[in-house]
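Peer 1: I'll drop the sequence and a predicted model, then ask my questions.
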Amino acid sequence: MVSVTDRPVSPSGHRTDPAPLLSIKGLHTSVRSRGESFDVVRGLSLDVYPNEVLCLVGESGCGKSITALSVMGLLPDPPVRIREGEILFHGQDLVALGNKQMRDIRADSISMIFQDPLTSLDPVFTVGEVMVEVIRAHRDMNKSDARNLAGETLAKVGLPDPITRLDSYPHQLSGGMRQRVMIAMALVLDPEILIADEPTTALDVTVQAQILDQLLTEQRERNMAMLLITHDLAVVASIADRVAVMYSGEIVEQATVDELFENPRHPYTQGLLRALPKVSTVRQQLDPIPGLVPYLQFLPPGCSFAPRCPHALDRCWEEPPELVPDQEGRVFRCFNPQDFTER
Amino acid sequence: MTRTLYLVLIVAVSSVAVFYAIRLSGGDAVAAVIQPGTASLEAREQLRELWGLNLPIHEQYFAYMGRLLRGDLGNSLTNNWPISEMLIIHGRHSLLLGGAALLLVFGLGVPLGILASLRRNGFTDISITTLSVGGLAVPNFWLALLMVWLFASTLRWLPSAGCCSPKQLVLPAVVLAMEGLALTVRMTRSAMLENLDRDFVRTLRAGGLSELRVVGRHVLRNALVPIVSLAGLRIGQIVGYALVVETIFGWPGLGQVLVNAVLRRDYAVAQFFSLVLVTLVIVGNWAADLGYLVANPRLRNARSRAV
């Protein structure tokens, strides 16, 4: 497992960096349910820079996955669709692209791997058959060349016995092996961006570390940007260059990983860090954030975190705070930021 | 291996059942053949002896099975026709009718089901689903009468009975296929919808595959697992319904032969063709087990052991 300290210096710690590879601007993604439409992603803006690992963190249901699927053009439409906003990739707005053009981008330029490798692979086709299909959807290559490329990629992502595995069905592989297959499928065409949606959540802990390690190795070797979606702050600490924290469909704080863990500014981020169990000699109570995630249909008029916030002011209930930079160049969304105390 | 053994065992057990059932059904073969009052008691007794009807029933059974296994199917009791010849002639007709029905069940049922699933809740879907509910609900003898009334008596498009021109084939094949067709449509539709919702579909789309490939190749192949595996059951169903449908449409197949033989108390014929139909149904069920193994790679490791 790669620790925070031996990670190379981020090339993209701050916004002074070169042009972003992927730029999400004012994304509103809405769900239609019983004739009523409401936003689950509410004006989200996020830049992904070349070669960086950006973690998108938040509780279940905060809109992380929907954001990723919006980028991929894979929203289950209906009922979920992009209502407003742009997603710029090489200056091209992905939201406006036609099906065919979007298909060409998937897996070739932007790839995605999913949470549950058990259900995410087609059970009645072999690993090799599907990989060959993906390769040949994008490259003018004959079947045996495509198969060789698939085998090489499987070997590269650390799947033991890759050539035999080409003829395996998903059910013949363990969870960790399946996730390596997913990674190989996503990387086989050498994409510029990899979106990994909770890639280790469904795996057991020892395998989680191996898979994360593999992802990080691939990200470095291929000079690829990675958008990693997770709710696991331990994962964030071990892998991220930058972190964006999401709450109820919007970003509430964005910073480099060191800044975020040293001095989180938003009370929600602080709450997340406090809720982490700590290793200590004295057994301590966990310190959860009180209250529940708000229903997105019935958001309060002010700050969406105000109902759970220990420092909420009257103003917080009345108007939503903007995402503003502080002196150090990081951004967060709070009228009344407090210094972080462990407890 | 196990399943094939079961197959043989079940066929053997059913042959016993068929044999006893025919004998238990009452009536007297000799009485059925000989007009009352035309033969003396001694002559009747001689005939009984000749046919082995005086022996204990289990001895009759083993003698009969022994002849069957040697390929001697015997002759009809009523017209002395060789049963083997009847099997070939009528079997051909039944094969034609059954084959046409099976073609309708899968060749029409699967595409209609796919169409319905892709037009989910649209007009096409609702029409197809409604018709298939109808196909399931209407008993086939009643459907046969309706079809004859509409297409033969009223519209005069198709003949109401007979064999074996294509026009004569249409009505019996449609009636015979209807229930299986309706079931296949509904199963295909629901299997397609279920598989369209599965996570792997998203993965394939994320791989940049076209919708045609994702749906036409991957979703369909997954949806076919339950359909292929139940194909054998459809065969059994068609064999069973053939009795009714062949009789109604005067289609000279195995079913009609059996029905007529039973009515005439022609034990030899009834017994043999009951056995044939029972065996077909059993083989159909066995094929269903096999089909499931073939269609579902997750069970393939178990295949060599189970088949």
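Peer 2: Sure, I can see it. Being a predicted model, the structure only gives us computed values, none of them experimental. Residues are numbered from 1 along each chain as shown, chains lettered A, B, ... in the order given.
Peer 1: can you tell me the element residue 45 falls in?
Peer 2: Going with chain A. strand A:36-48 (DSSP states H and E).
Peer 1: try again with chain B
Peer 2: Applying DSSP H and E, one finds residue B:45 within helix B:41-51.
Peer 1: which residues are in contact with the residue nearest to residue B:262 when sequence neighbours are not counted?
Peer 2: Closest residue in space to residue B:262, ignoring its immediate chain neighbours: residue B:270 at 4.9 Å, by C-beta to C-beta, 6 or more residues apart in numbering or on different chains. (Each C-beta comes from the backbone N, C-alpha and C, glycine too.) Taking C-beta atoms under 8 Å, 6 or more residues apart in numbering or on different chains, we find residue B:270 in contact with B:22, B:258, B:261, B:262.
Peer 1: part of a strand, is residue B:270?
Peer 2: No - assessed with DSSP: H, G, I helix; E, B strand; the rest coil, residue B:270 is helix; it does not lie in a strand.
Peer 1: from residue A:149, how far out is it?
Peer 2: 65 Å (C-beta to C-beta, to the nearest Å).
Peer 1: how about residue B:226?
Peer 2: Residue B:226 is 35 Å from residue A:149, by C-beta to C-beta.
Peer 1: for residue A:59, same thing?
Peer 2: Noted for residue A:59: a distance of 39 Å to residue A:149, by C-beta to C-beta.
Peer 1: who does the strand holding residue A:45 touch, helix- and strand-wise?
Peer 2: strand A:22-33, strand A:53-57, helix A:64-72, strand A:80-89, strand A:250-256 (3 or more C-beta pairs under 8 Å, 6 or more residues apart in numbering or on different chains; DSSP states H and E).
Peer 1: let me know which of those is the nearest to chain B.
Peer 2: Among those, the nearest to chain B by C-beta to the nearest C-beta is helix A:64-72 (6.0 Å).
Peer 1: ranges for the strands of the stretch 151-300 of chain A?
Peer 2: Applying DSSP state E, counting those that start in this stretch to the stretch 151-300 of chain A gives strands spanning A:193-197, A:225-230, A:242-247, A:250-256.
Peer 1: dump those strands to a markdown table, plus distance to residue A:87, mean pLDDT and mean neighbour count.
Peer 2: As requested, the strands of the stretch 151-300 of chain A are arranged in a markdown table below (distance: least, C-beta to C-beta, whole Å; pLDDT from 0 to 100; neighbours: other C-beta atoms under 10 Å in any protein chain shown):
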| stretch | distance to residue A:87 | mean pLDDT | mean neighbour count |
| --- | --- | --- | --- |
| strand A:193-197 | 11 | 93 | 24 |
| strand A:225-230 | 12 | 93 | 25 |
| strand A:242-247 | 15 | 92 | 26 |
| strand A:250-256 | 15 | 90 | 25 |
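Peer 1: pLDDT on the longest helix belonging to chain B, on average?
Peer 2: When chain B is parsed with DSSP state H, its longest helix is helix B:166-196. Across helix B:166-196, the average pLDDT comes to 91.
Peer 1: and it, what does it pack against?
Peer 2: Using 3+ C-beta pairs under 8 Å, 6+ apart: helix B:166-196 touches helix B:83-102, helix B:109-118, helix B:123-137, helix B:140-147, helix B:220-229, helix B:231-248.
Peer 1: who does the third one touch, helix- and strand-wise?
Peer 2: Pointing back at helix B:123-137 there. Short answer (3+ C-beta pairs under 8 Å, 6+ apart): helix B:123-137 packs on helix B:109-118, helix B:166-196.
Peer 1: could you give the average pLDDT over that helix?
Peer 2: For helix B:123-137, the per-residue pLDDT averages 90.
Peer 1: what angle do it and helix B:140-147 make?
Peer 2: Taking axes from the mean of the first three to the mean of the last three C-alpha atoms, to 10 degrees, one finds that helix B:123-137 is oriented at 120 degrees with respect to helix B:140-147.
Peer 1: helix B:123-137: how far from the chain's middle?
Peer 2: Computed by C-alpha atoms, centre = their mean, to the nearest Å, the chain-centroid distance of helix B:123-137 equals 23 Å.
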